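*Asks:* Coordinates for the following, if possible.
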Amino acid sequence: MRVLAVIAARGGSKRIPRKNVRPFAGRPILAWPIAAALDSGLFDTVMVSTDDDEIAAAARAVGAEVPFLRSSATADDHSTLLDVLAEVVTAYQTRGQSFDTVCCLLATAAFVTPEALKRGHQLYKSGEFDSVFPVVRFGSPIQRALRRDAAGHTAMLAPEHYASRSQDLEPAYHDAGQFYWMSAAACLAKTPTFSGRAGSFEVDETEVQDIDTPTDWRLAELKFAILGRAPEPRA
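*Replies:* Residues are numbered from 1 along each chain as shown. Presented below is the predicted three-dimensional model:
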C-alpha cells in the first residue's frame, strides 16, 4: 500500500502575506509539517502542492518533493483542498505513479507531530472510517453561544439553554486544522472530509493553532514556547 503526504501551500495568502514561508521558530513555517511527515516514516512520498517558486524552493530545501506546480485553476481563493488533492492524485497517475492512501497536511500546521500522524494513520487503517483528522474541544459550550448585532445588542443563539449547566451540555468539537487521512479514491471523487464515516481523535487546544490572522500567528508563537518546542538553528 503506497501512502502519499500532500502539504498544501499556495502563494496567495492575503491576511498574512507570504504566510507559508514566513519564519516561525527559526525556519519557514511549512518546514514543520514537512519534517513531521518525513520523521513519521509513514509515507512513500512527501510532496508540496504549490503555485509558487519560492515556496517550492523552501520545500525542497527541507526534503519535500515538488514534482509539478499547482495549476491556476486550483491556486485561487475559491479552490478547496479537495480540488487540490484531486489534481495532485491525477497528476501522479498521469506520471505512472499511484497511491492508495493520502494524508493532506496544512502548510501552517507547525504543531503537528509524527506521533499524531501515526495515531491518525492507525485509526484510519482500522477500516472503521473513510477519513480521519484531529479535533479540539470548544472551551465553552456552543449551546450557550451568543449573537450580537452592529450596535452591540446581544442575545443567545439557543435561549432554551439559558439555565442549563455547562456540565450537562454535550461537548462540541472543531477541526484542528492540521491534517486529514483519506483514500486516493476519495480525493479523486472530491468526497467531503466530514461526510460519511468520518473519524477523529481529540488533541489539546495548547497543541494546535489555526493561523489566519496576525493575532493567530502570535498565539501560535506563544503556544510553541509553552510547549518547549526548540527553534531550529539558523544556518
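
*Asks:* And the pLDDT for the spatially most central residue of the chain?
*Replies:* Central residue of the chain (CA atoms, centre = their mean): residue 178, 2.9 Å from the mean position. For residue 178, the pLDDT comes out at 97.

*Asks:* what's the answer for residue 234, then?
*Replies:* 36.

*Asks:* May I ask which helix or strand encompasses residue 102?
*Replies:* strand 101-106 (DSSP states H and E).

*Asks:* Same check on residue 59?
*Replies:* Judged by DSSP H and E, residue 59 forms part of helix 53-61.

*Asks:* What's the local residue count around the closest residue to the residue nearest to the centre of the chain other than its chain neighbours?
*Replies:* Once flanking residues are discounted, residue 178 sits nearest to residue 109: 4.2 Å by CB to CB, 6 or more residues apart in numbering. All C-beta atoms are positioned from the backbone trio N, CA, C, and that covers glycine. If you count neighbours by other CB atoms under 10 Å, residue 109 ends up with 25.

*Asks:* how near is residue 109 to residue 17?
*Replies:* 19 Å (CB to CB, to the nearest Å).

*Asks:* Same question for residue 37.
*Replies:* 25 Å.

*Asks:* by contact count, what packs against the worst-scoring helix or strand of the chain on mean pLDDT?
*Replies:* The weakest-scoring helix or strand in the chain, judged by mean pLDDT, DSSP states H and E, is helix 214-227 (a mean of 92). Applying 3 or more CB pairs under 8 Å, 6 or more residues apart in numbering; DSSP states H and E, one finds that helix 214-227 contacts strand 23-24.

*Asks:* what is the mean pLDDT for the strand it packs on?
*Replies:* Strand 23-24 carries an average pLDDT of 95.

*Asks:* on that earlier part again, which one's more surrounded, residue 37 and residue 17?
*Replies:* Neighbour comparison, residue 37 and residue 17: the larger count goes to residue 37, with 26 against 9 (by other CB under 10 Å).

*Asks:* got the CA positions of the helix or strand where the more buried one lies in PDB?
*Replies:* Using DSSP H and E, residue 37 falls within helix 31-40. What follows is helix 31-40, C-alpha atoms only, in PDB (Å, rounded to 0.1, in the frame of the first residue of the first chain):
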ATOM      1  CA  ALA A  31       9.100  23.200   7.200                       C
ATOM      2  CA  TRP A  32       7.500  22.000  10.400                       C
ATOM      3  CA  PRO A  33       4.700  19.800   8.900                       C
ATOM      4  CA  ILE A  34       7.200  18.600   6.200                       C
ATOM      5  CA  ALA A  35       9.600  17.500   9.000                       C
ATOM      6  CA  ALA A  36       6.800  15.700  10.900                       C
ATOM      7  CA  ALA A  37       5.700  13.900   7.800                       C
ATOM      8  CA  LEU A  38       9.300  12.800   6.900                       C
ATOM      9  CA  ASP A  39      10.100  11.800  10.500                       C
ATOM     10  CA  SER A  40       6.900   9.700  10.800                       C
END
